[in-house]
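Undergrad: Have a look at this fold, sequence not included:
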Ligand SMILES: [Zn+2]
Ligand SMILES: [Zn+2]
């Protein structure tokens, strides 16, 4: 239990947030005992008149920030990287040899009577970032060896790579463009249909080689947060030890009992 070196007010009965630390005297002081001479002046130690700083330094706040952000973004990006690499590792097969129930990756030419088949607008998230928001309708995927109808209703949030036609804020896929799709083969009215879950402009464009290193980077950030928390904790424990040692010493803390407790208000 730490109290103010000057007046003996206990911090933890009130709030340790109010504790201030003097680096010269190595003691904690309360807000009352560090009142500046004039408003807007920095708080000063009532023993040495040196500046005092918040005892609960920004270390813990920084640690919580690093851990929370690092874990949240790291996990988000890690699962995205895993998902994209699973798409990329889905077996690529010719359209002519697909069967109902299979999950396959197909690469071919878009065929449709409605153009554009898929279209997007750029939704900016600020600071130069953003993403394409896609919409469109079903199309036939053509290979020399065969054709299959592609159901696009579930793939709109997983279209990767650079679209074949794009300006700064519009993009599209049209008849004649090549596209890679990953999905589940099914039958519909006697013919095959592919329920696509993702698409890419290029056959190798599903995976993102940068995604996993970035996710690991965020995990490293969370680890740094743990290090900051440990450092801050060790520092706080050291300060409490210093404080207790100092207030037992004779001198300006004479009003205290030998065990460091204040005998009465000085
Ligand atoms: Zn005080
Ligand atoms: Zn001081």
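TA: All right, it came through fine. Remember, predicted model here, so these are calculated numbers, not experimental data. Ligands and ions are numbered 1, 2, ... in the order given.

Undergrad: ok, residues contacting the lowest-mean-pLDDT helix or strand in the chain?
TA: When each helix and strand of the chain is scored by mean pLDDT, DSSP states H and E, strand 53-54 comes last, with a mean of 86. Strand 53-54 is contacted by residues 17, 19-21, 23 when judged by C-beta atoms under 8 Å, 6 or more residues apart in numbering. Using the backbone N, CA and C atoms, a C-beta is placed for each residue, glycine as well.

Undergrad: So which of the residues you listed is the closest to ligand 2?
TA: In terms of C-beta to the ion, no member of the contacts of strand 53-54 lies closer to ligand 2 than residue 23, at 7.7 Å.

Undergrad: neighbours of that closest one, just the number please.
TA: Residues within reach of residue 23, counting by other C-beta atoms under 10 Å, total 13.

Undergrad: now residue 17
TA: 10.

Undergrad: How is the closest residue in space to residue 69 that isn't next to it in sequence classified with respect to secondary structure?
TA: For residue 69, ignoring the flanking residues on the chain, the nearest one in space by C-beta to C-beta, 6 or more residues apart in numbering is residue 221 at 6.9 Å. Of the three states, residue 221 takes helix under DSSP: H, G, I helix; E, B strand; the rest coil.

Undergrad: can you tell me how far residue 221 sits from residue 21?
TA: 28 Å (C-beta to C-beta, to the nearest Å).

Undergrad: Looking at the two, which is more packed in?
TA: Using other C-beta under 10 Å, the more surrounded residue of residue 221 and residue 21 is residue 21, with 22 against 17.

Undergrad: Might you list the low-confidence residue ranges for the stretch 51-200 of the chain?
TA: 57 (pLDDT under 70).

Undergrad: closest point of it to ligand 2, which residue?
TA: For the stretch 51-200 of the chain, C-beta to the ion, closest residue to ligand 2: residue 52, 7.1 Å.

Undergrad: Backbone dihedrals for that residue, please?
TA: As for residue 52, its main-chain torsions (degrees, to the nearest 10) stand at phi -110, psi 160.

Undergrad: show me what contacts it?
TA: 20-22, 29, 34, 43-45.

Undergrad: quick check, residue 63 in a helix?
TA: Yes: under three-state DSSP, residue 63 sits within a helix.

Undergrad: wait, it sits on residue 225?
TA: Yes: using C-beta atoms under 8 Å, residue 63 is in contact with residue 225, at 4.7 Å.
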